[in-house]
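Trainee: attaching a predicted model along with its sequence, questions to come.
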Amino acid sequence: MYIEKLDIFSFRNLKNVKLEFSRAINFIFGDNAQGKTNLIETIYILCLAKSFRSRDDSELIPFKSDFYSFDGYFIDETAISSKVAVYYTVTQGKKIKIDGKNINQYSTLVGRFPIVVLSTEDHIITTGPPAQRRKFFNILLSQGSSRYLDDLKKYERILKQKNKILNYSGDRSHLKEQVDIWNAQLVQTGTNLMLDRAKMVEEINGCLAEYYKVITRSDHTLKITYQPCVPIKESQTIPDTFKALLSKVYNKEVKRGLSLIGPHRDEFKISVAGNELRKYGSRGEHKSALVSLKAAEAEFLQKKTDTNPILLLDDLYSELDIERGKRVLELFTKSCQIFITGTSLDFEAIKKTGFTEKDHTTFIVKSGNIARA
Ligand code: ATP
Ligand code: MG
C-alpha cells in the first residue's frame, strides 16, 4: 500500500498543500515547529481515523478556522486506487468518505490501509506503565485482525457494564448473580484476546531480536514476555482458570468497585539481554528497541493483511546517530513506503552520506509551506 497524493485543504498550520510522494522513501526536513509532524499526522488519520497525538479533533482545526479537511489517494498491491476524504467541524463531527461513500463506523477503516507510526510520544511504550504497551499491541492486533478489534470492543463494553454494577448504589441483593453473568462473558471474550496476544508475541519475538541486533550491532537480544493476568499453560484450560481467579477476587472487586482480573490488566515485559528495559535501558537502547518494535509491527501487519504498511518515522534521528538511522532504513522492508521527518541539521548530516540523492523524494517544510528540495 502506498499513498500517491495528498491534498490538505486545512489542517493545523497547513493550508492548501498539494503533494505527490515517492512510493519508496520520502524525507521531510525542516526546522522545529514548521509542520513536519502535522503533515504525517494527516496520513495517519486517513488510515486510522484518529490522530496519534491528539484525542480532541477540535485541536486539529487551524487557529481562526472552523474545519479541518484533507484527501489522500492510496494505491494497493493490486494497483487498485482509493480516495479517502476526511472532513471535520465541531458541530458536525468527523466525516470520512472512501471513494465518495460515507463510512459509518471507523472500525471498517482499521486494517484497510495498514500503517505504522514511530512518533516522538512513543518513548512511553518502553518507559511507561503497562497500559501504554497494551495500547500499542491492541492497535497492532486490531489492524491485523478485525476479529481482534471486535473482541476488544466487546470486552471493553462488558468491563464497563461490570464496573457499573460493582459500583451500583441501589439494591445489591443480587449483586453476585449479576457479576457472574458479566464474568461469563468476560471469560469468553477475554480468552480470545489473551490467546491472540500470546500468539502475536511469539510471532513478533522471532524477528524482533534480529532487528535489534541489526540496528545496534550488538549481540543483545530484545524480547517481549507476555504476562497475562491469567496464566496460560494450555489454551483449553484458560476459561476455567480465568473463572476461578474471578471468583477468588470477587470480594476484593466489590470492595474496590473495580474489575481486577483480565486482559485489561495484562503486562508485556520488554527486555534487552534479560534485563527489563523500563528499569535499566539507556536512551539509545530505548529508541533502538522502539524502532525494532515498529519494524516487527510492520512485518506482522504485512503477514496478516498481505499488504505492506505505510511507515511514518517522526524525528527518526533524535537519539539515534546517523549510522544507526541508516541501518534502520535498511531494516524496513524494501517494499514499504516510508516517511521520515528530521530537522535541518539531520538533513545536512544525511546529505553528507549521499543518501538523500538516490531514489528518494525530499521535502522541505517552512512555516506550513512544503516544497520539494
Ligand atoms: P518539531 O521539529 O519541533 O517536531 P514540527 O515541524 O514537527 O516541529 P509540528 O508539530 O508539525 O512541528 O507543528 C508545526 C506548528 O503547527 C507549530 O508551531 C504548532 O504550534 C502549530 N499548530 C499546532 N496545532 C495548530 C492548530 N490547530 N492551528 C494552527 N497551528 C497549529
Ligand atoms: Mg515534529
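Mentor: Nice, I can see it. Ligands and ions are numbered 1, 2, ... in the order given.
Trainee: can you map out the helices along the stretch 201-350 of the chain?
Mentor: Assigned by DSSP state H, counting those that start in this stretch, the stretch 201-350 of the chain shows helices spanning 238-248, 250-256, 277-280, 283-305, 322-331, 344-353.
Trainee: can you list the buried residues in the longest one?
Mentor: The neighbour-count check on helix 283-305 (16 or more other C-beta atoms under 10 Å) flags 285-302, 304-305 as buried. Backbone N, C-alpha and C define where each C-beta goes, glycine included.
Trainee: which positions in the stretch 1-150 of the chain make contact with ligand 1?
Mentor: By C-beta under 6 Å from any ligand atom, the part of the stretch 1-150 of the chain that sits against ligand 1 consists of 12-13, 30, 32-38, 59-63.
Trainee: who touches Arg178 in this structure?
Mentor: You called it Arg, but residue 178 is Gln. Taking C-beta atoms under 8 Å, 6 or more residues apart in numbering, we find Gln178 in contact with Ile165.
Trainee: that one should be in a helix, yeah?
Mentor: Yes. Using DSSP: H, G, I helix; E, B strand; the rest coil, the assignment for Gln178 is a helix.
Trainee: from Leu329, how far off is the residue in the stretch 101-250 of the chain positioned nearest to ligand 1?
Mentor: At 6.7 Å from ligand 1, Thr120 is the closest residue in the stretch 101-250 of the chain, using C-beta to the nearest ligand atom. Using C-beta to C-beta, to the nearest Å, one gets 18 Å for the distance from Thr120 to Leu329.
Trainee: would you mind writing the CA trace of the lowest-mean-pLDDT helix or strand in the chain as CSV?
Mentor: For the chain, counting by mean pLDDT, DSSP states H and E, helix 322-331 ranks last in confidence among helices and strands (a mean of 80). The C-alpha trace of helix 322-331 is given here as CSV (Å, rounded to 0.1, in the frame of the first residue of the first chain):
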residue,chain,number,x,y,z
ILE,A,322,23.1,8.8,11.5
GLU,A,323,24.8,5.3,11.2
ARG,A,324,22.0,3.6,13.3
GLY,A,325,19.5,5.7,11.4
LYS,A,326,20.8,4.3,8.1
ARG,A,327,20.7,0.8,9.4
VAL,A,328,17.1,1.4,10.4
LEU,A,329,16.2,2.1,6.8
GLU,A,330,18.0,-1.0,5.6
LEU,A,331,15.9,-2.9,8.0
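Trainee: the domain parsing of this protein - what is it?
Mentor: Here the domain parsing of the chain from automatic domain parsing is 1-114+307-373, 127-305.
Trainee: gap between the two ends of the longest one?
Mentor: One end of domain 1-114+307-373 sits 25 Å from the other (C-alpha to C-alpha, to the nearest Å).
Trainee: ok, now the last one?
Mentor: Using C-alpha to C-alpha, one end of domain 127-305 lies 29 Å from the other.
Trainee: that older thread, check the residue lying closest to the residue of the stretch 101-250 of the chain closest to ligand 1 once chain neighbours are set aside and give its pLDDT.
Mentor: Counting by C-beta to C-beta, 6 or more residues apart in numbering, Asp315 is the residue found nearest to Thr120 once chain neighbours are left out, at 5.1 Å. On the pLDDT scale, Asp315 is placed at 92.
Trainee: surely Asp315 meets Gly342?
Mentor: Yes. Using C-beta atoms under 8 Å, Asp315 is in contact with Gly342, at 6.8 Å.
Trainee: between those two, tell me which one has more neighbours.
Mentor: A count of neighbours by other C-beta atoms under 10 Å puts Gly342 above the other of Asp315 and Gly342, at 23 against 19.
Trainee: how far away is the more buried one from Ile232?
Mentor: Relative to Ile232, Gly342 is positioned 42 Å away (C-beta to C-beta).
Trainee: next, the angle from the least confident helix or strand of the chain to helix 344-353.
Mentor: Orientation note: helix 322-331 sits at an angle of 70 degrees relative to helix 344-353 (axes from the mean of the first three to the mean of the last three C-alpha atoms, to 10 degrees).
Trainee: and helix 322-331, what's buried?
Mentor: Arg324, Gly325, Lys326, Arg327, Val328, Leu329, Leu331.
Trainee: likewise stretch 276-283?
Mentor: Under the neighbour-count criterion of 16+ other C-beta under 10 Å, stretch 276-283 has Leu277, Arg278, Gly281 buried.
Trainee: that stretch: end-to-end distance?
Mentor: Across stretch 276-283, the terminal residues are separated by 14 Å (C-alpha to C-alpha).
Trainee: got a list of contacts for that stretch?
Mentor: Outside stretch 276-283, the residues within contact range by C-beta under 8 Å, 6+ apart are 126-128, 222, 269-272, 275, 285-286, 289, 319.
Trainee: got it, and stretch 182-190?
Mentor: With contacts defined as C-beta under 8 Å, 6+ apart, stretch 182-190 is touched by 151, 154-155, 158-159, 161-162, 165, 230, 239, 242-243, 246, 259, 262-263.
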